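*Asks:* Sequence and predicted structure below; questions after.
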Amino acid sequence: MLNRLAFISLLFLFTHCLQAQIKVPKFVAENKIVGLADINRSDLIDFAKNYLGTTYRYAGFAPTGFDCSGFVSFVFNHFNIHTPRASREYKFLGAAQKSEDFKVGDILVFYGYRDSSQIGHVGIICEANGMKSKFIHASSGKAYGVTISQLDSEHYSKRFYKCIDVIHQ
């Protein structure tokens, strides 16, 4: 049973999505509120996939347009997990995991494509399979929006820095 504040919050979000012509997230449509104790890695990815095709926007952090860290931050904030807003801030966040320990919902951290000494991109693992994992992210490249890519592609494998777990489940 939803309490009054939760109901009002859901109603506001639903109304906002309709007014902005944004796809209503599955969790709002199903009248669910997800709390920290309820986080399920598959739910996190299902939520993220609601935004596939959303256009890339430099410094964007809303469904009207995302950059990579804005998208990751938006998705995790929905589940009350606060992540850095800038990709460079992921450099020292969390311990790097071994590829055999990668899980759905873990964050992949990459060097920039122009500067191999600076962190420049992040994404969320949506299919875990070590270095053959797939990840969802907001790309400024050819896809120019939220898309799913293969970690072992030449473009991403050579830029890979680390994988971190911010869910800890």
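*Replies:* That came through fine. None of these values were measured; they are calculated from a predicted model.
*Asks:* going forward, measure contacts between C-alpha atoms and count neighbours the same way
*Replies:* OK.
*Asks:* For Tyr51, grab the count of nearby residues.
*Replies:* Neighbour count for Tyr51, taken as other C-alpha atoms under 10 Å: 25.
*Asks:* Does it touch Gly145 like I think?
*Replies:* No: the criterion here is C-alpha atoms under 8 Å, and Tyr51 misses it with Gly145 at 9.2 Å.
*Asks:* got any ranges where the chain has weak pLDDT?
*Replies:* 1-38, 169 (pLDDT under 70).
*Asks:* Please, which helix or strand holds the residue nearest the centre of it?
*Replies:* By C-alpha atoms, centre = their mean, the mean C-alpha position of the chain lies nearest to Val72, the distance being 3.1 Å. Assigned by DSSP states H and E, Val72 falls within helix 68-78.
*Asks:* tell me what that helix is packed against?
*Replies:* In terms of contacts (3 or more C-alpha pairs under 8 Å, 6 or more residues apart in numbering; DSSP states H and E), helix 68-78 is packed against helix 41-49, strand 61-62, strand 119-127, strand 134-139.
*Asks:* what lines up beside the shortest one in the sheet?
*Replies:* To tie it back to what came earlier, the one meant is strand 61-62. strand 65-66 (antiparallel) (DSSP bridges).
*Asks:* now do the third one
*Replies:* When sheet partners are counted by DSSP bridges, strand 119-127 sits next to strand 107-111 (antiparallel), strand 134-139 (antiparallel).
*Asks:* Would you mind pulling the contact partners of that strand?
*Replies:* Here strand 119-127 makes contact (C-alpha atoms under 8 Å, 6 or more residues apart in numbering) with 45, 68-69, 72, 87-88, 90-91, 103-113, 133-138, 161.
*Asks:* out of those, which are buried?
*Replies:* Buried subset of the contacts of strand 119-127 (neighbour count, 16 or more other C-alpha atoms under 10 Å): 45, 68-69, 72, 87-88, 90-91, 103-112, 133-138, 161.
*Asks:* returning to what we had before: can you redo the strands paired with strand 119-127 as JSON lines with distance to Ile39?
*Replies:* What follows is those, written out as JSON lines (distance: least, C-alpha to C-alpha, whole Å):
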{"stretch": "strand 107-111", "distance to Ile39": "15"}
{"stretch": "strand 134-139", "distance to Ile39": "18"}
